[in-house]
Every structure is written in C-alpha cells, then in structure tokens.
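*Asks:* here is a sequence with its predicted model. Questions after.
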Amino acid sequence: MTRLTARVQKVRDELEQLLDDDDDMADLCLSRKLAGASSHISCSGAPSWFPGSPTIGSKISRASRTSAATIHGNENDVEEMEMLLEAYFIQIDGTLHRLITLHEYIDDTEDYINIQLENHRNQLIQLELFLSSGTVCLSIGALVCGIFGMNLPYSWKHNHGYLFKWVIIISGLVCAILFILIFAYARRKGLVGS
C-alpha cells in the first residue's frame, strides 16, 4: 500500500511538473516536431538539429527548433496535449486521494481492532484478579482444614465433635468476607468494571 501510494505520488508530481513547464509541453508535441523537421530538411537540405551530443550547438538548434515549431506549428497542439495531460493528472490525483483515504481507513480499522483487543485483555486481567483472590481465600480455609486434619493428639478433641463443624463454618465465612472485601477494594480503586 505504501509503495503503491509512493508510485502514484511520483507519477502525479511528474505530471504536475510537466504541466507547469511550457517548454516540456512544446517538446511533447511530436507532430509539430515532425512538421518542423520536414520544413528544416526542405529549407537547408540536411537536418542540423538532430540530437547528438549535448553541445552548445545542439542547445542553440533546439531553441531555434522550438521557435521554428512555434512559427510553423499550430498552438492548438500544445493546448490539446495540455488538456490530455490534465485529464490524466485528474485521474492520478483522484487515485492518490482514494489511496490516502484507504490508508486512513486501514489505520482506523487497526486502531479499532487494537481497542477491542485491549478490552478483551482487560477482561482477562479482571478474571485473573477474581481467580487469584478466590485462590487466596480458599487457601486460608484449606490451611485451617489442614491444621485440624493432622494426626496430632489434642486434649480438647475428645467429647467436642461439634467444635470442628464450627471451625469449618467460621473459616468459610471468613474466606467469603475476605473475598467480598478484596472485590470491593478492587471496584473502589477502579481495577474492575461495575
């Protein structure tokens, strides 16, 4: 896309430069050159203005050829050439503007996709926060259960079977309250959405 835009820009600039230079426009009229060449050949017998090495004589003959072409040629040829090149220039300019618009559209689409990816990434981070906080809370409950599940002799273990149930219920409530507090703190700090 960038290479195509650069090529179209280069062609547009060349056409614009051609349209701005009247000497180049006159040199583009090949029928005028041919008519000027036939009049020079018939007048002098030998074409002295054929392009050879770039010398002062060839530059002078080029200037005299241009003036002779202006005298003998038709001015409508230059205008027709200019109109033709202007039509091409308008087409190239329109193509360049379409390419620039397409490039902007691609950039906007890329930005939109990046925004969607950031949104999904934020949702995954929120899920990771919930899972991490839930893991911390459950590990506290697992710690309490692990302590009571050891095969160590306790003196208060005999005739107090209901005590283990209350410890499990209280540790479960503490874990739930801790999870709610972590969730409320994250929401207050703006780490999770509403």
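*Replies:* Sure thing, it's come through. Numbering: from 1, shown residues only.
*Asks:* where do the helices sit along this protein?
*Replies:* With DSSP state H as the criterion, the chain has helices at 2-20, 22-27, 30-44, 56-72, 75-148, 162-188.
*Asks:* so what's the closest residue to V144 other than its chain neighbours up against?
*Replies:* Spatial nearest neighbour of V144, excluding adjacent residues (CB to CB, 6 or more residues apart in numbering): S171 at 4.2 Å. Bear in mind the C-beta positions are built from the backbone N, C-alpha and C, glycine included. Neighbouring residues of S171 by CB atoms under 8 Å, 6 or more residues apart in numbering: 140-141, 144-145.
*Asks:* again with C137
*Replies:* C137 makes contact with 175-176, 178-179, 182, according to CB under 8 Å, 6+ apart.
*Asks:* hang on, the earlier thing: which of the helices of the chain has the lowest mean pLDDT?
*Replies:* Lowest mean pLDDT within the helices of the chain: helix 56-72, at a mean of 43.
*Asks:* one step back: now do the residue nearest to V144 against L178, distance only.
*Replies:* As judged by CB to CB, to the nearest Å, S171 and L178 stand 10 Å apart.
*Asks:* overlap of the contact sets of the two?
*Replies:* I140.
*Asks:* count the neighbours of the residue lying closest to E86 once chain neighbours are set aside for me.
*Replies:* Using CB to CB, 6+ apart and skipping the chain neighbours, the partner closest in space to E86 is L19 (6.5 Å). Neighbour count for L19, taken as other CB atoms under 10 Å: 16.
*Asks:* cool, E118 as well?
*Replies:* Around E118 there are 10 residues (other CB under 10 Å).
*Asks:* and what of L18?
*Replies:* L18: 17 neighbours (other CB under 10 Å).
*Asks:* cool, and L117?
*Replies:* 10.
*Asks:* may I have stretch 98-117 as CSV, with CA atoms only?
*Replies:* Extracted in CSV, the C-alpha atoms of stretch 98-117 (Å, rounded to 0.1, in the frame of the first residue of the first chain):
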residue,chain,number,x,y,z
ARG,A,98,-8.5,7.3,-2.8
LEU,A,99,-5.3,5.6,-1.7
ILE,A,100,-4.8,8.1,1.1
THR,A,101,-8.5,7.6,2.2
LEU,A,102,-8.0,3.8,2.1
HIS,A,103,-4.8,4.1,4.1
GLU,A,104,-6.6,6.2,6.7
TYR,A,105,-9.4,3.6,6.7
ILE,A,106,-6.9,0.9,7.3
ASP,A,107,-5.3,2.8,10.2
ASP,A,108,-8.8,3.4,11.8
THR,A,109,-9.6,-0.3,11.5
GLU,A,110,-6.3,-1.2,13.0
ASP,A,111,-7.0,1.2,15.9
TYR,A,112,-10.5,-0.2,16.4
ILE,A,113,-9.1,-3.8,16.5
ASN,A,114,-6.4,-2.7,19.0
ILE,A,115,-9.1,-1.2,21.2
GLN,A,116,-11.1,-4.4,21.1
LEU,A,117,-8.0,-6.4,21.9
